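Colleague: The following block contains a protein sequence and its predicted model.
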Amino acid sequence: MPAPELIAGPYQPPACRPGDWLDDEIAGRVEVGGWTAAPLSWPRHKRRGRASLILTAELSRAVHTESSEAVCYWWGVSTTTVWMWRKALGVGRVTDGTRKLLQERTGVPPDAAARGRAAAASPEALARMAEIKRGKPAHPNTKAALLEAAKRPKPPGWGIKANAWMREGKAP
């Protein structure tokens, strides 16, 4: 399988040497301990144990834009690492790179995919999906996740919105 394409590259590593200090998007100011041997060599933290990359602004741009597969290949990290970076940076599951990769693999043109997403979000489609699920018990994992979400602290003003939803008889 060929190397995944970078859609927003090239990405330039910061000009630094071991012992210099860089800003990490998650950990703050960190000391450079060395460089990785990945296809796109990148500075790593100076600490014991497994080397971890310094999430610079340039690498953060890649995490926001590229597919998970491309980040894993070019920076030599695992899918779990990319997932944790995305979670910490507030990046959704589907980026522009992911969308392009899926389009290439499935052959579905972007305009057809956009029409499909719009059709799936229509009130008629949502009503059909709700009807299929009505009367069937939820999966135990779903029940546990809903219960956990219900116990979490709510944002300010949530009660007013919830009361309005209940009065109207609609879900948010």
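Modeller: Yep, it's here.

Colleague: need the longest strand for this structure.
Modeller: Looking only at the chain and at elements set by DSSP state E, the strand with the highest residue count is strand 28-35.

Colleague: Residue ranges in the protein under the pLDDT threshold?
Modeller: Low-confidence regions of the chain, defined here as pLDDT under 70, cover residues 1, 49, 170-172.

Colleague: how's it carved up into domains?
Modeller: Domain segmentation of the chain under automatic domain parsing yields 21-98, 141-172.

Colleague: Can you tell me what sits against the longest strand of the chain?
Modeller: By CB atoms under 8 Å, 6 or more residues apart in numbering, the residues outside strand 28-35 that reach it are 13, 16-24, 41-47, 51, 54. Using the backbone N, CA and C atoms, a C-beta is placed for each residue, glycine as well.

Colleague: now stretch 81-92
Modeller: Outside stretch 81-92, the residues within contact range by CB under 8 Å, 6+ apart are 25, 26, 52, 53, 55, 60, 63, 64, 68, 71, 72, 93.

Colleague: Contacts only, for the closest residue to the fifth one other than its chain neighbours.
Modeller: The shortest distance from residue 55 to any residue other than its chain neighbours is 4.4 Å, reached at residue 25 (CB to CB, 6 or more residues apart in numbering). With contacts defined as CB under 8 Å, 6+ apart, the neighbours of residue 25 are 55, 56, 57, 59, 60, 88, 89.

Colleague: Could I get the contacting residues of the second one?
Modeller: Same thing as residue 56. Contacts of residue 56 were listed using CB under 8 Å, 6+ apart, and they are 13, 14, 22, 23, 24, 25, 43.

Colleague: The first one is in contact with residue 39, isn't it?
Modeller: No. Using CB atoms under 8 Å, residue 13 is not in contact with residue 39, being 11.9 Å away.

Colleague: Please say which of those two ends up with more neighbours.
Modeller: In this view residue 13 and residue 39 are compared by other CB atoms under 10 Å, and residue 13 has more residues nearby, 17 against 10.

Colleague: about what we covered before: filter the contacts of residue 56 down to the buried ones.
Modeller: Members of these that pass the buried threshold by neighbour count (16 or more other CB atoms under 10 Å) are listed as 13, 22, 24, 43.
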